[in-house]
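Colleague: Sequence below, structure please.
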Amino acid sequence: MVAIGERTEVAGLALAGVTVLVAERPDDAVAAWEALPPGTALVLVGRAAARALGPARLEAPEPLTVVLP
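Modeller: Got it, this is the predicted structure:
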């Protein structure tokens, strides 16, 4: 499980064992997505990161992607 987003959105998830990729800018979110570890099954994405990634990535069948509220 990986979380991509602004530090304030995703930092706490590290306490639960989630791999956190901080993305403060749109380019950071795209770079983090492209660097997902092999075998990543679930990606939690912050709102700004979701906008940067766009629907094509978020709606792909794999990995399962959830936008954080």
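Colleague: Please enumerate the strands of the chain.
Modeller: 2-5, 19-22, 42-45, 64-67 (DSSP state E).
Colleague: And the longest helix along the chain, what does it pack against?
Modeller: The residue-count maximum for a helix in the chain (DSSP state H) belongs to helix 47-58. Applying 3 or more Cβ pairs under 8 Å, 6 or more residues apart in numbering; DSSP states H and E, we find helix 47-58 packed against strand 2-5, helix 26-34, strand 64-67. C-beta coordinates here come from the backbone N, C-alpha and C atoms, glycine included.
Colleague: who touches that helix?
Modeller: With contacts defined as Cβ atoms under 8 Å, 6 or more residues apart in numbering, helix 47-58 is touched by 4-6, 9, 23, 26-27, 29-30, 32-33, 45, 65, 67-68.
Colleague: 6 Å instead, please
Modeller: With contact meaning Cβ atoms under 6 Å, 6 or more residues apart in numbering, helix 47-58 is reached by 4-5, 23, 26, 29, 33, 65, 67.
Colleague: Show me just the buried residues among those.
Modeller: 4-5, 23, 29, 33, 65 (16 or more other Cβ atoms under 10 Å).
Colleague: farthest residue from the center of the protein?
Modeller: Here the chain reaches farthest from its C-alpha mean at residue 15, the gap being 16.2 Å by Cα atoms, centre = their mean.
Colleague: What separation do you get for it and residue 34?
Modeller: The gap separating residue 15 from residue 34 is 26 Å, by Cβ to Cβ, to the nearest Å.
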